[in-house]
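Participant: build the 3D model from these lines:
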Amino acid sequence: MLNSIPFKKFIPAILWFLLVLFLICLPGQEFPELDGWSAWLEKIHFDKWVHAGMFGTMMMLFAFPFRSADLHEEKKKSIYFLIAVLTSIWGLATECIQLYIPFRSFDLLDWAADSFGSIIALYVMRLFPTK
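Facilitator: Prediction:
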């Protein structure tokens, strides 16, 4: 199955994975203060939407190469589900990694947002099956 999908189709997903790893390893004080916007962004829980977007994007980037694979649609759906679970686990792992990063911390709500993004991406992938 994986042998029939060229490695180059996974490069965007791998690069996104590495970008997320880089971002979660940045010390907390590296992020800019958004004067005047901070209260509004906190009110809409902007950071949680960013988490959902990052992990939803990761799930979809890893799932896209399977869309064109010569697999039964049910097999693709089970692969999408596995990718969503693994993306959620990666979200939990990133929270654990942040325990060791200065000015960062473990946040269950961030992991919930990561998982929410993965679930939404899974839903979108399953909603639009390949023809």
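
Participant: give the next helix or strand downstream of the lowest-mean-pLDDT helix or strand in the chain.
Facilitator: Least confident helix or strand, the chain: helix 38-43 with a mean of 57, by mean pLDDT, DSSP states H and E. Using DSSP states H and E, the helix or strand that follows helix 38-43 in sequence is helix 46-67.

Participant: distance between that following helix and the chain's centre?
Facilitator: 4 Å (Cα atoms, centre = their mean, to the nearest Å).

Participant: number the residues from 28 up from this point.
Facilitator: In the new numbering, first residue 28, that becomes helix 73-94.

Participant: output that helix as CSV, nothing but the C-alphas.
Facilitator: Coordinates of each C-alpha in helix 73-94 appear next as CSV, following Å, rounded to 0.1, in the frame of the first residue of the first chain:
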residue,chain,number,x,y,z
PHE,A,73,-7.3,32.5,19.4
ASP,A,74,-4.5,30.2,20.5
LYS,A,75,-6.9,27.2,20.6
TRP,A,76,-8.0,28.0,17.1
VAL,A,77,-4.3,28.1,16.0
HIS,A,78,-3.8,24.7,17.6
ALA,A,79,-6.9,23.2,15.9
GLY,A,80,-5.7,24.6,12.6
MET,A,81,-2.2,23.4,12.9
PHE,A,82,-3.2,19.8,13.8
GLY,A,83,-6.1,19.7,11.4
THR,A,84,-3.8,20.8,8.6
MET,A,85,-1.3,18.1,9.7
MET,A,86,-3.9,15.4,9.6
MET,A,87,-5.1,16.4,6.1
LEU,A,88,-1.5,16.7,4.7
PHE,A,89,-0.7,13.2,5.9
ALA,A,90,-4.1,11.9,4.6
PHE,A,91,-4.0,13.5,1.1
PRO,A,92,-1.5,11.0,-0.4
PHE,A,93,-4.0,8.2,0.3
ARG,A,94,-6.8,9.9,-1.5
